[in-house]
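Trainee: Predicted model follows, preceded by the sequence.
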Amino acid sequence: MQGRGLRLPSPRSFSPAPPSNDLWTSQRDGKVQLRLEKESFANEAPLTVHDLVVDTTTKYAHCIALGSKQRGGWHMLTYIEYYEECRRAAKAFLKLGLERFHGVGVLGSNAEEWVIASIGAILAGGFSVGILPTSSPKICQVIAESSEMDVFVVDGDRQLQKIIQIQGSLKHLKGIVQYQEELQVTQPNLYSWKGFLDLARGVSDEELDQVIDSQKPNQCCTLVYRLSTSGPPKAIMLSHDNITWTTAAAVQSLAYHCPPGRQEVLVSYLPLSSIGVQIFDMWVAIWVAGALYFAQPDALKGSLVDTLREVRPTSFVGVPRVWDRLLDRVKTAQLARTPLRRSFDRWAMRMGLRANKKQLSG
């Protein structure tokens with residue numbers, strides 16, 4: 001783990017170590033020296049994740065924060081509700097026995113529960129560990145063992161079965177939480193999302209606040225695993241400052257807007273296990289008090305376009321294959337149209353491009 005930005009080496013170990021003022025560390029409870037530079041953006045005051053979340057919540061408490069499609073309609077959370085749910089999740093993790101600097105694995109499709117579990121894990125003093133939904137049980141086991149994972153959060157029965165396969169070999173595992181679908185199996189350490197959040201009643205605000213107050217910007221709060229074809233997954237350690245500083249730099253570079261002038265609207269559809277996706281979906285959205293809508297699990301199989309039409313995002317992040325698929329869909333649709341309509345489509349796209357270029361240049 002290094003101070004400032006996301007230039008991070010893979011750690012060699014996660015064994016406990018005393019606090020350090022070195023420029024980098026591979027110890028799970030280590031600290032790094034933040035390299036502040038005068039007269040530079042790198043001189044911005046360091047923030048923890050909680051600092052970022054509570055600052056936005058204080059300023060924009062009643063702005064829409066999250067939107068999820070449920071039974072044909074959109075379920076919305078405001079920023080104050082979002083923050084309260086993150087605190088409930090953090091208390092529930094503490095009740096389950098989450099230890100300081102131990103992992104909480106989040107394995108499943110993008111959803112409000114995914115981001116609430118991730119932030120809740122950090123507020124509770126653990127590591128948020130996003131896992132690619134296509135990961136095999138063996139990959140999940142390696143990640144769980146190396147991060148000393150105390151809790152797994154999964155979306156449905158398919159992911160749950162992976163964890164049931166390996167839970168006998170996970171010596172730190174204290175609980176499994178399923179946030180979508182009805183539970184199809186019963187076991188002592190398995191909770192529905194509602195049952196999990198109900199555990200928060202056993203933890204006081206004071207107990208959680210003590211944990212939050214003990215966190216420092218130069219400490220690790222997130223692990224991102226890089227998959228390799230030649231060996232086991234390698235962990236990348238991210239500090240609070242890695243996340244909050246990089247988010248601030250992205251916002252400054254891309255000129256996002258904040259309420260009340262205009263609220264940014266974003267759509268989350270790429271796997272949140274990627275740190276690049278987390279920065280633009282989770283953290284940029286919070287920094288600018290944007291409204292983050294979650295696409296359907298089959299977004300990349302075709303439903304993404306329907307979500308984009310309905311939500312009309314002001315900002316959209318896509319990898320090359322996404323743009324290629326969108327272009328293919330446009331071309332396929334044009335083949336079925338008359339020559340006059342195709343000509344009109346080309347004119348409309350040229351006008352749209354010109355208008356957006358003018359808007360970008362002010």
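Mentor: Good, I have the coordinates. Residues are numbered from 1 along each chain as shown.

Trainee: The most centrally placed residue in the chain is in what secondary structure piece?
Mentor: Nearest residue to the geometric centre of the chain (C-alpha atoms, centre = their mean): Q278, 4.1 Å. Per DSSP states H and E: Q278 is located in helix 275-278.

Trainee: Sketch out the helices for the stretch 101-250 of the chain, chain order is fine.
Mentor: Ranges of helices in the stretch 101-250 of the chain, per DSSP state H, counting those that start in this stretch, are 112-123, 137-146, 157-166, 193-198, 205-213, 240-254.

Trainee: Surely Y225 touches V129?
Mentor: Yes: at 7.3 Å, Y225 and V129 qualify as touching, with contact defined as C-beta atoms under 8 Å. Backbone N, C-alpha and C define where each C-beta goes, glycine included.

Trainee: Quick check: neighbours shared by the two?
Mentor: Residues touching both Y225 and V129 by C-beta atoms under 8 Å, 6 or more residues apart in numbering: I143.

Trainee: Looking at those two now, which is surrounded by more residues?
Mentor: Legend: neighbour count by other C-beta atoms under 10 Å for Y225 and V129, higher for V129 (27 against 23).

Trainee: coming back round to it: ok, the residue nearest to the centre of the chain touching P271?
Mentor: No: if you go by C-beta under 8 Å, Q278 and P271 don't touch, sitting 9.7 Å apart.

Trainee: Pull up the overlap in contacts between the two.
Mentor: By C-beta under 8 Å, 6+ apart, the residues touching both Q278 and P271 are G130.

Trainee: Would you mark the buried spots in the helix holding Q278?
Mentor: Going by neighbour count (16 or more other C-beta atoms under 10 Å), the buried part of helix 275-278 is I275, V277, Q278.

Trainee: for stretch 26-33, what is the average pLDDT?
Mentor: Stretch 26-33 shows a mean pLDDT of 91.

Trainee: One more: stretch 68-86?
Mentor: Average pLDDT, stretch 68-86: 94.

Trainee: Mind checking what helix or strand follows the helix or strand bottoming out on mean pLDDT in the chain in sequence?
Mentor: Here the helix or strand of the chain ranked lowest by mean pLDDT, DSSP states H and E is helix 320-335, holding a mean of 86. Where DSSP H and E defines the elements, the next helix or strand beyond helix 320-335 is helix 339-360.

Trainee: what's in contact with that next one?
Mentor: Against helix 339-360 from outside (C-beta under 8 Å, 6+ apart): Q334, R337.

Trainee: repeat that with 7 Å
Mentor: Here helix 339-360 makes contact (C-beta atoms under 7 Å, 6 or more residues apart in numbering) with Q334.

Trainee: in the least confident helix or strand of the chain, what's buried?
Mentor: Buried-residue list, helix 320-335, by 16+ other C-beta under 10 Å: V322, R325.

Trainee: And that helix, what does it pack against?
Mentor: Counting contacts by 3 or more C-beta pairs under 7 Å, 6 or more residues apart in numbering; DSSP states H and E, helix 320-335 packs against no other helix or strand.

Trainee: Tell me how many other residues surround the closest residue to Q296 other than its chain neighbours.
Mentor: The shortest distance from Q296 to any non-neighbouring residue, by C-beta to C-beta, 6 or more residues apart in numbering, is to S303 (4.6 Å). By the criterion of other C-beta under 10 Å, S303 has 15 neighbours.

Trainee: just D29 next, same as before
Mentor: Using other C-beta under 10 Å: D29 sits among 16 other residues.

Trainee: same question, V305
Mentor: Neighbours around V305, by other C-beta under 10 Å: 14.

Trainee: now I143
Mentor: Neighbour tally, I143, other C-beta under 10 Å: 24.

Trainee: Next, V53: secondary structure please.
Mentor: helix (DSSP: H, G, I helix; E, B strand; the rest coil).

Trainee: Please look at it and A285 and confirm they touch.
Mentor: No: between V53 and A285 there is no contact under C-beta atoms under 7 Å: 11.1 Å.

Trainee: Give the residue spans of this structure that score low on pLDDT.
Mentor: For the chain, the stretches flagged by pLDDT under 70 are 4-21, 39-42.
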